[in-house]
Structures are given as C-alpha cells and as structure tokens.
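> Test case, fold it:
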Amino acid sequence: MNDSADKLFEARLSDLVSRAERSGGPVFSHFLDERQCALAEQWCSRNCGELRYLLWGGYPEARRKMLAVYPDYCQDCIMEDLPMVCLTFSYRSSDALTHRDFLGSFMGARLKRETIGDIVTGEGMAQTFVTDVAAKALSSGITKIGRVGVKIREDQPFCMDTSQGYKEISGTVASLRLDCVVSLAANVSREKAAGLIRSEKVEVNHFPPSGVSQELREGDVLSVRGSGRFILSGIGGSTKKGRIHIDLRKFI
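Here you go, the predicted model:
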C-alpha cells in the first residue's frame, strides 16, 4: 500500500468502528491481507475505545483474516458470528491442484479477492475460507477446478496441515542493520541489499522499513522481492572479529 491507500484503509476501519458504536452489535470486514492485518492491529489498538476487536482467518496460522469490531457482550459468541465458511473440495488424489488453480477458478467465477481467505491444498483435498455470500456462489456454480472435477462440502471442520516448510540459513553479519541481514538472506552484496531497500523491494513485518540502517530484532519477518520471505529466527554471540551469528528461516 502507498500512503493514500493506507489512509483510505484507515478510513474504512474508522467506519467499521462507527457502525459498531451505532448498532451496538458486531461489525465485520472482508478478508484482509497480511499487511492490512498488521495495519488494522496497530490502528484498532489505538482507536477502538471501549469496543473489542478480533482478527481471525479460520485457523491460528491464517495469513488472510477478517476483522471483527464488537461490544464486550459479544465476546463469547464472536467466533461463531464471523461471516465466513470453510469449504472442503475433494478430488482424485492423482489430480494435483495448486493454490493458483483454485484462486484462478474463484476469480473466474467473478469473486473479488477480498471475499476469499486462505486456500490450503493437499492430496485429494483442499480447504478454503470464504465469505458466506461467496460460499453460496461457489457451492452452486463450481464443479471443476481447471479441468479437474471437484465435490464441495460446507460441513467439514478445517483439518489441513498448515505447517510451512523452510530452509535454514546461518551466517555472520557486521551488525543487525537491515542491509546486513538482507545481504545474507538474499545472498547479495551489502551494496546491492541497500539498493533493494532503497528501491522499496524490501518489507519488514509487512511494512516499508525506515531505511537501510533499521535495526532488526529476533522474530522479525523480511520480504525481499525476488528472493522470498524470511524470519530472523535466532541471534547468537559474536566472533572474535565482532561479527554477529544469526539464523534465518526462508519459507519454501
């Protein structure tokens, strides 16, 4: 998002809060992407007042989530009230279908991206979270994903394995500055890493960094365009020459 898009998104969040205050009941967003979720978390923590808020995508590790803004009395039932449905697609295990296959078919059915949450695929089965309106459209209008016939159910709880594979990267850096860590993560020179940062091809925790010298902390998530997503999973001791041992995990 750019600054104008951020301001527009914050205006939408403000509208959600106003609607919840006027109605005295829960109000829900569509599915938000990871950066929108991070922005919503920051904004809501400062601006929800006496209202509560929840970000939920159907399972703890979900990347795309709905935002619920609601009064305190709704706390016990808010999860059940979220207007999302888990759809289960079954097909022959010999037919390998990918996230892209499903998303392409959903978009081909003229669904907006904001009505679709995470899509998790497996052998012979996939599950996705969608808005309740989108669920009706898919259940009645989708019989194939690509050229593969599928059966759709709405009554099966989410049960997919969501553990994500990763590759371990270890090395030493001169400091915990962003350009140093990006250099190790992307296997490029520090000068090239600085160029990636200045050309806005790097994000830290889903936001643009303050600059090449931004200090990182353990647990920070890096997105480097063209190289992938990484988490700074460990910070160790220093070498005799003062370099710092760090561990990175690259999501695969």
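> tell me the domain ranges of this protein?
Annotated domains of the chain cover 3-81, 84-153, 166-251 [automatic domain parsing].
> Just after the strand of greatest length in the chain, pick out the following helix or strand.
Of all segments of type strand in the chain, defined using DSSP state E, the longest is strand 228-238. Using DSSP states H and E, the helix or strand that directly follows strand 228-238 along the chain is strand 244-251.
> Looking at that next one now, give me its mean pLDDT.
Over the span of strand 244-251, the pLDDT mean works out to 96.
> now the domains of the chain as JSON lines including distance to Cys159 and mean neighbour count?
For glycine as for every other residue, the C-beta is placed from the backbone atoms N, C-alpha and C. Shown next, in JSON lines, are those (distance: least, Cβ to Cβ, whole Å; neighbours: other Cβ atoms under 10 Å):
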{"stretch": "domain 3-81", "distance to Cys159": "10", "mean neighbour count": "16"}
{"stretch": "domain 84-153", "distance to Cys159": "7", "mean neighbour count": "16"}
{"stretch": "domain 166-251", "distance to Cys159": "22", "mean neighbour count": "16"}
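> Met160: which of these is closest?
domain 84-153 (4.2 Å; Cβ to Cβ).
> Pull up the distance across the closest one, start to finish.
Terminal residues of domain 84-153 are spaced 14 Å apart (Cα to Cα, to the nearest Å).
> Show me where the stretch 51-200 of the chain has its helices.
78-81, 99-108, 132-141, 178-186, 190-198 (DSSP state H, counting those that start in this stretch).
> Pipe those helices into CSV and attach mean pLDDT and distance to Glu114 per row.
Below are the helices of the stretch 51-200 of the chain laid out as CSV (pLDDT from 0 to 100; distance: least, Cβ to Cβ, whole Å):
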stretch, mean pLDDT, distance to Glu114
helix 78-81, 94, 19
helix 99-108, 95, 12
helix 132-141, 94, 10
helix 178-186, 97, 31
helix 190-198, 97, 29
